[in-house]
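[1] okay, here's the prediction I keep looking at, along with the sequence it came from:
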Amino acid sequence: MTVYKYFIKIALKNKGVILSYTIIFFILSIINGSTNAQRETSFMETKLDIGIVDNSGSELSKSLIEYLGKKNNIIDTISDEKYIKEQIFLEIVDAVIIIPKDFEEKVINKERAIELYNDDRKIESYQIQNQINKFISFTNATYEDGKFDLSSVGIALDEGIKVNLLKIDNNDVNQKANTWFKFYFNFTSYIIMAIYIAVIGFVMTDFINKEVENRRKISSIKFLKFNREIYLGQLTIASFITLVFILGSIVLKGKYIGEVDFSKYVINTIVFSFSALCLVFLINNITNNKFIISGISTVLSLGTSFISGVMVPQQLLGEKVLTIAKFFPTYYFVKINETNISSFLDVKYEIFMQLLFAMAFLLMGLYFSKVKQKA
Amino acid sequence: MIVRVKNLVKRYKELIALDHFNMEVEEGEILGLLGPNGCGKTTAINCILSLLSFDKGEIEIFEKKMTPNSYDIKKQIGVVPQEVSVFENLTVRENIDYFCGLYIEDKSLRKQYVEEAIEFVGLKDYIKFYPKKLSGGLKRRLNIACGIAHKPKLIFLDEPTVAVDAQSRNFILDGIKRLNQEGSTIIYTTHYLEEAEMLCKRIIIMDNGKNLVSGTNEELKAMITTTEKIVVGFSAIEDEKAQKIKSIPHVIDIEKKEDDYIIKFENGLNNLSNLLEFIKENKLAYTKLYSQLPTLNDVFLELTGKELRD
Amino acid sequence: MKNIFRNCIYQGKNRYRDKSFLFWTLIYPLIMAIFFYTAFNGLIDIELESIDIGIKSENPIGFILEEIELLNVHKISEDEINEKLENEEIQGFIDNDLNLLVSKSGINQTIIKEIIDQIKQMGELNVPIEKFDFTIDYVLDRNQKADAIIIIFYSLIAMVSTYGIFPGIETVSLIQANLTNVGKRINVTPLKKNDFLLAGVIVSLILNLLSNGILLIFIKYILKIDLFTEIRYSAIFIIIGNLFGVALGMLIGASNKQSGNVKTILGIMITLVLSFFSGMMSPDIKILVDKKIPLIGKINPISIITDNLYKINLLENTQNVNQGIIILSIYCITLIFISYGFLRRKTYDSI
């Protein structure tokens, strides 16, 4: 087992790479997970953060502000366009509304009475717009003899429908926790691929390094035995890395694993790790140049993550991008994480595809190693 | 005196790398700094060149104190470090031109010097090559060219022939002689005693950071008691008789090495004929018999009790 | 002067012939730009997503709901309700008594609720229905082109501007006798260390600015994305980013005795992490970080460059740029000072 021991020893020398990836990953997961993942027991309306500048100071504007204040959190702002835009850009506020001096007049004349700064690509902008229009339409509906009936409007707007939260028995998935696990494991694919290629790739370059190669040729260890120990070493390192991330999820959100489909995530991650390891096998048979390997590690792990929906959800990606993504196991890995399954039969195709990729990588790796031996 | 080193002490934590090391170099000579690997040769050179800090001692080059800022001294020195020290992505010619340009500002003079250096190390056919494309021996030659192109008065060569094929090695050694003939003073470190013997006018032998002895080749050999060794292979001899060899005049020791006897003599006359007479008297038959003059290895062996090469 | 110029030429040659330098400063940014472009291209023009709701076919307000553009109405049967809610095929189910059933709280569910609320509230107000006029929009939209996607490109440019790290590391290695053989050799020549370093910094800046230029040209003319409206301040930030990179590279190079390979990876990792937090991989991460630990965004140099490029060019706001410039300058000066501390030693304790 000398080869095996030596392999592990060199691999652990690259702990810098492993550690830096791992630390960033966990920092991010902790930040992301700091919100409460408790199961919801009742429906909560989403409140937006809005800023209001009231240049009118009229009764009408005050009751508008009062109404919006009930539905949202009011954030301080000033009447400066640049400042407002910066606040929106920095996501300090979702929207800022400016009530003009001649607010009442404009309302009565059914003109555009409110200036609204927001980010119209976000669904939140619809909500604030809807709230304002609703309030003004209602007050206008009560306009008679030059007066609004603001108190009736207030009472009417306090009315609301009943919202029921879907009844859940404890076997059902806790959506909030599940969102976290999805994010966590999707991201794991990026980290696993980057670390595998970098660390195992680096160690293999040391091993395939000519000098070592020659020494091995004359040493008494048989080729097969040598290879067996190397692959055992790779498997050990890979399992260790994958285990760290699976355990990480338990450490961070252990109390929720009963409320999500944890076994799905674990099995999926193991299958993915295996195909990633096969990819590393292929890469090692193509090159043993450290510089190329660190390039491939960064580009391939980032690239596949981008197009497969790790960074941006799959449904937001273009058709063409997804077509390309289907040529990498990451796509199927993410797909499984995104699907709510009742049994593994629901995702048998995706699991099969990941294993198929693993086989393909292995075969291609073997082909390249044969080509190399002949050369 | 071109270089004067007095009581140089350098410590690495526990280890004492240089222990009151002394060295003086005369203008125009080739001084050999000889010693086994790890004896402090390179450390000494690095201290002299102000690369390394040292704990005690004085260093003067051209009768001036050497400091990291002694640019006027550095201008007249050429250094060939132990490792090949060139830019990987500059060609042979560019490398030589770059380093030469750090000394020689005049463009046409520099051009001439660079050409001469290329010629000198025999890299004419390789001027457009990148260092990594060169063989080990050629890399060494480039390493030398970069250190000597500016025709320095004083040249430090730190084991320039390590891991070099025989052909390049002879080329390099001849080159060093030529440099000396052209007027450069040379300080040459090596652990190959043959090189030192062949090349150097004066030799300093070091071990464990100290200078053991210094002098010319002959002076060094004269220092030791064994001046002649005669190796005899007897066809048959009893131990008793072998012990009797000691009674021959001037014999100081005998040593059995496999089937051969190495008989060491101190300074004296007619050693060989005395031995032959002894053989005749005792009716001994021998298969071989030859006399060896002492080498620097013997000097080292007698001074330290260990072999120079390990 | 002549000496520095000659050093620039040779160091420049030595640099641009280095394949790993070419890859990280030239090819890698282009690859990243292509990734971003392909991944986010669909996103750049995306409109608001509509919200899926479920009703039974006989729902009394079904026809009203179908009129609302934002809603996507699915008519489903009783036994499908739970499953579709769980799988998030619909965000909410409205029963015939106008009760809403949801699987979780969220903005989409809140919007559905408010729409249904309104129907109930109208009845509550006691005014004739014809008095309501929902065709009028009282809101004057002053929307900015808030574009979360484009921030990714600013972030990429910010990251690449700091790639002077690599030549920075190399320059320092080449002059340190305890790091490289060339360093040993140069230290025994009459060349002054400062001259070599100055030449190295100049070369690093020129080469990295060139590669930044190539990336910008690529983004503008090949990917056809317009990023810059305010050239002057943008240039200041890119240049200061370059300076920061070179200074950081010098510190990485001078502060430890790791191999060049390790240092390069360290450089890549540092910039990748900083870019990551500035939103390069996903704008959501920037939003997340800014919300949870706003300090990171304020002190992360790549965030500072990214945010300022965005503000200057998209929001046309140059009000607080000085703050960013000052923080970055402080970084540069500090880094250079510390590196110089490592570099100024003339002799080494060990080589």
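    Here it is on my side, so go on.

[2] which residues touch residue 185?
    Defaulting to chain A. The neighbours of residue A:185, taking Cβ atoms under 8 Å, 6 or more residues apart in numbering or on different chains as the test, are A:249, A:265, A:268, A:269, A:337. The way it works is simple: take the backbone N, C-alpha and C, and place the C-beta from them, glycine included.

[3] not what I meant, chain B
    Contacts of residue B:185 (Cβ under 8 Å, 6+ apart): B:2, B:25, B:26, B:27, B:28, B:29, B:30, B:31, B:153, B:154, B:155.

[4] now do the contacts for the third one.
    The reference is to residue B:26. Applying Cβ under 8 Å, 6+ apart, the residues near residue B:26 are B:1, B:2, B:185, B:202.

[5] of those, which belong to strands?
    Secondary structure from DSSP state E places B:185, B:202 of the contacts of residue B:26 in strands.

[6] only the buried subset of the contacts of residue B:26, as a PyMOL command please.
    In PyMOL, this line selects whichever of the contacts of residue B:26 come out buried by 16 or more other Cβ atoms under 10 Å in any protein chain shown:
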select buried, chain B and resi 2+185+202
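
[7] does whichever strand or helix holds residue A:242 reach chain C?
    According to DSSP states H and E, residue A:242 maps onto helix A:223-253. No. Judged by Cβ under 8 Å from any Cβ of the partner chain, helix A:223-253 stays clear of chain C, getting no closer than 14.8 Å.

[8] next SSE downstream of that helix?
    helix A:262-286.

[9] which parts of that following helix are buried?
    Here helix A:262-286 shows A:262, A:264-266, A:268-269, A:271-286 as buried, counting by 16+ other Cβ under 10 Å.

[10] quick one: mean pLDDT for the helix or strand in which residue A:304 is found?
    For residue A:304, the element it lies in under DSSP H and E is helix A:290-308. Average pLDDT, helix A:290-308: 84.

[11] what comes up buried for whichever helix or strand comes after it?
    Note on helix A:290-308: by DSSP H and E, the next helix or strand toward the C-terminus is helix A:319-325. For helix A:319-325, burial by neighbour count (16+ other Cβ under 10 Å) applies to A:321, A:322, A:324, A:325.

[12] from these, which is closest to chain C?
    Comparing the buried residues of helix A:319-325 against chain C with Cβ to the nearest Cβ places residue A:321 closest, at 5.3 Å.

[13] would you mind listing what in chain B touches chain C?
    Applying Cβ under 8 Å from any Cβ, we find that chain B lies next to chain C at B:12, B:46, B:49-53, B:67-69, B:71-72, B:74-75, B:77, B:79, B:81, B:83-90, B:94, B:98-99, B:101-103, B:105, B:146-147.

[14] now, those that are in helices?
    The helices, defined by DSSP state H, take in B:46, B:71, B:72, B:74, B:94, B:98, B:99, B:101, B:146, B:147 from those.

[15] residues touching stretch A:9-26, excluding its own?
    Contacts for stretch A:9-26 (Cβ under 8 Å, 6+ apart): A:187-188, A:191, A:194-195, A:198-200, A:202-203, A:206-207, A:233, A:237, A:241, A:244-245, A:248, A:252, C:262, C:265-266, C:269, C:273, C:276.

[16] so stretch B:118-136, near chain A or not?
    No. Using Cβ under 8 Å from any Cβ, stretch B:118-136 stays clear of chain A, coming no nearer than 13.1 Å.

[17] now that stretch: buried residues?
    Buried, per 16+ other Cβ under 10 Å, within stretch B:118-136: B:118, B:120, B:121, B:123, B:126, B:127, B:130, B:131, B:134.

[18] could you do stretch C:185-204 as well?
    C:185-191, C:193, C:195-204.

[19] for residue A:271, give me its contacts.
    Shown in contact with residue A:271 (Cβ under 8 Å, 6+ apart): A:333, A:351, A:354, A:355.

[20] how about the contacts of residue B:185 in JSON lines, adding secondary structure?
    Shown next, in JSON lines, are the contacts of residue B:185 (DSSP: H, G, I helix; E, B strand; the rest coil):
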{"residue": "B:2", "secondary structure": "coil"}
{"residue": "B:25", "secondary structure": "strand"}
{"residue": "B:26", "secondary structure": "coil"}
{"residue": "B:27", "secondary structure": "coil"}
{"residue": "B:28", "secondary structure": "coil"}
{"residue": "B:29", "secondary structure": "coil"}
{"residue": "B:30", "secondary structure": "strand"}
{"residue": "B:31", "secondary structure": "strand"}
{"residue": "B:153", "secondary structure": "coil"}
{"residue": "B:154", "secondary structure": "strand"}
{"residue": "B:155", "secondary structure": "strand"}
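
[21] hang on, the earlier thing: among the buried residues of stretch C:185-204, which lie within helices?
    Judged by DSSP H, the subset of those located in helices is C:185-187, C:193, C:195-204.

[22] out of the residues you listed, which touch chain B?
    C:185, C:186, C:187.

[23] ranges for the helices of the stretch 101-250 of chain B?
    Secondary structure of the stretch 101-250 of chain B by DSSP state H, counting those that start in this stretch: the helices cover B:107-121, B:136-148, B:166-181, B:193-199, B:217-223, B:239-244.
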